[in-house]
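Enquirer: Provided below for reference: sequence and predicted model.
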Amino acid sequence: MKFYIYSLGCKVNSYESNVMKDNLINNGFVFSDIDDADIVIINSCSVTNSADNKTMKLIRHVRNNFDVILVVVGCFVQSHKDSLDGIDADILIGNKNKSVISNYINRFLVDRKRIIDLYDVSNIDFEVMKLNNYDHTRAFVKIQDGCNNFCSYCIIPFTRGGVRSKDKDLVIDEVKTLIFNGHKEIVLTGIHTGNYGNEDYDFACLLSDLVKIDGLERLRISSIEITEINDRVIDIIKNNDVLVDHMHIPLQSGSDTILKLMNRKYDMNYFFDKINVLRSIRPDISITTDVIVGFPGETDELFLETVDSIKKIGFSKLHVFPYSRRSGTVADTMDNQVDECIKKKRVKVLLDLSRELEISYMNKFKGKKVSFIPEVLKDGYMIGHTGNYLLIKCKDSNFNHELHDVLITDISYPYCISKVD
C-alpha cells in the first residue's frame, strides 16, 4: 500500500515524520504522492489556536478529497484528548509510538476498527528513534523531548510532556551512521535541546563527545535558550571549529516587562551579557532569533523597547510571530489582549528590520572566502549554506554535496553571489 505524510510545525515533527516514513518503508509500504496514496498521515501541530485550525482544516481537506485511511498523530491529538470523537480520522495517536506507526496501520487493515492510542506524556520515557539517512545534506538528530519551562503563552509542556533525553550512546551511534552514509552536517534538535541529559552527563558533555567524531565536518544546534549557554558550552564553542558559526537563540521579547509576563527565565541584561561573551570568542558569529509581537500588555512603548534591544544585539535574522492565543495557557486569560491590526503592523516593522539586519550581516562577507555545502543545483547554480548560514549561489555545474571554497563577489538578497575560489 502507498502512503503520504503531511508534517506540520517544528523541526522535531519533521524528524519524526522521517522516522515514520522509514518505519513504513521498512515494513513493506511505499511512499507516494498524495494523489496515489492509500494512507495519509498528518503529523500535527497544536502550538497555537491557529495551528489547531490549520490541522483541522487539513483533516477536512483530506477527508473531503481523498478516499484513504487517515491517520492523525502528535500534538493536536494529545491536546484534544478529551474531544477526539469530533476528529474524523481512522487512527489517532498522541506523542508516543510514532516510531512504530506501521503496527497501528496493519492492525487497522485487519480489524477495520478505529484506533485511539494516548498516553500521559507527563510520565513517559524518551521514545528511541533513529535515522540511518536523511533526505538532505543536513541531517537532523533528535536528542531530547519535552519542556519544563511553562512559558505563559506555550502549550508544549502539556502536549509533549516533561524533559527527557536520548541515551548518549544512541545519539553518538546515530551521528556516526549518518556521517558514514555521507552527511557532512548534523543538526541537534529537540523541544528544549540545550536541556539535554542530567547532572552526570549534560548537553556540554554531549557536545564534547560529538565534536571528536571522525568525519563530522559541521555540528549545528537547532535552537538553544540563552540560559543554557553556560561556561562549559561556551568553552566548547570557543575551542572547536566543528561547531558552526551560527546559533539560534530565542529572544521572544526585548522588554523586561513582557519577558516577566511571558515567564521567561532571563532579563535583557543577562541576554546582552551572554551575547557579548559569544561575540568575544566568535566575532563573526551569526545569531538568529525568534520574536513574539503583540503579547498581552505590550504597549507601543514596550514594543519599541524590543526594537531597540534587537538593534543593540544586532541579530543577523529575525523569525517574527504575532502572538496567537492558545486555550489552556496562562496568557490566554490575561487582560490587555492586543488588537490584531496592531500585531500586523508590528510584525511588518520587525520583518523590515530583519531584512536590514540580514543584508548588513551579508555585506560583512563581501570579498571574503567562505566554505559552503551545495544542497541543490538550479539553473546551473549550486545553492547551499555556509556554516554561519549565509545562502550561497555559485555558478558551477560540478555539483556535489562536498564542501566548496568560494569567494563572495556580490550580494543579491537573499543570496550571496559567489564564484569558485
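Expert: Arrived safely, thanks for sending.
Enquirer: report the backbone C-alpha coordinates of the longest helix seen in the chain in CSV.
Expert: Once the chain is assigned using DSSP state H, the helix that runs over the most residues is helix 340-363. Provided in CSV are the C-alpha atoms of helix 340-363 (Å, rounded to 0.1, in the frame of the first residue of the first chain):
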residue,chain,number,x,y,z
GLU,A,340,-4.8,42.1,15.5
CYS,A,341,-4.3,45.1,13.3
ILE,A,342,-1.7,46.4,15.7
LYS,A,343,0.1,43.0,15.7
LYS,A,344,0.1,43.0,12.0
LYS,A,345,1.8,46.5,11.9
ARG,A,346,4.4,45.4,14.5
VAL,A,347,5.2,42.2,12.5
LYS,A,348,5.9,44.3,9.4
VAL,A,349,8.2,46.6,11.4
LEU,A,350,10.3,43.7,12.6
LEU,A,351,10.3,41.9,9.2
ASP,A,352,11.6,45.1,7.6
LEU,A,353,14.2,45.4,10.4
SER,A,354,15.1,41.7,9.9
ARG,A,355,15.9,42.3,6.2
GLU,A,356,18.1,45.3,7.1
LEU,A,357,20.0,43.2,9.6
GLU,A,358,20.4,40.3,7.2
ILE,A,359,21.8,42.4,4.4
SER,A,360,24.1,44.2,6.8
TYR,A,361,25.4,40.8,8.0
MET,A,362,25.8,39.5,4.5
ASN,A,363,27.8,42.6,3.4
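Enquirer: could you list the low-pLDDT ranges of this protein?
Expert: Applying pLDDT under 70 to the chain flags the ranges 134-136, 397.
Enquirer: got the contact list for the residue most central in space within it?
Expert: Centroid-nearest residue in the chain, with CA atoms, centre = their mean: Lys11, separated by 3.5 Å. By CB atoms under 8 Å, 6 or more residues apart in numbering, Lys11 lies in contact with Phe140, Val187, Thr189, Ser222. Heads up, the C-betas are built off the backbone N, CA and C, glycines and all.
Enquirer: can you list the domains in the chain?
Expert: Using automatic domain parsing, the domains assigned to the chain come out as 2-119, 122-244, 248-364, 369-420.
Enquirer: tell me how far the last one is from the chain's mean position?
Expert: To tie it back to what came earlier, the one meant is domain 369-420. 23 Å (CA atoms, centre = their mean, to the nearest Å).
Enquirer: now do the same end-to-end measure for it.
Expert: 9 Å (CA to CA, to the nearest Å).
Enquirer: just checking, Val376 touches Ile383?
Expert: Yes. Between Val376 and Ile383 there is a contact under CB atoms under 8 Å: 5.2 Å.
Enquirer: more neighbours: which of those two?
Expert: Ile383 (17 against 11; other CB atoms under 10 Å).
Enquirer: mind checking how far that one is from Arg282?
Expert: As judged by CB to CB, to the nearest Å, Ile383 and Arg282 stand 25 Å apart.
Enquirer: what's near enough to touch Pro296?
Expert: Leu261, Tyr323, Ala331, Met334, Asp335, Asn336, Gln337, Val338.
Enquirer: which phi and psi does the nearest residue to it once chain neighbours are set aside have?
Expert: In space, Pro296 comes closest to Met334 once its chain neighbours are excluded; the distance is 3.9 Å by CB to CB, 6 or more residues apart in numbering. Main-chain torsions, Met334, degrees, to the nearest 10: phi -70, psi 150.
Enquirer: which two in the contacts of Lys11 are spaced the farthest apart?
Expert: Phe140 and Ser222 (7.2 Å; CB to CB).
Enquirer: common neighbours of the two, please.
Expert: Common neighbours of Phe140 and Ser222 (CB under 8 Å, 6+ apart) are Lys11, Val187, Thr189.
Enquirer: tell me the phi and psi of the first one?
Expert: For Lys11, the backbone dihedrals are phi -70, psi -30 (criterion: degrees, to the nearest 10).
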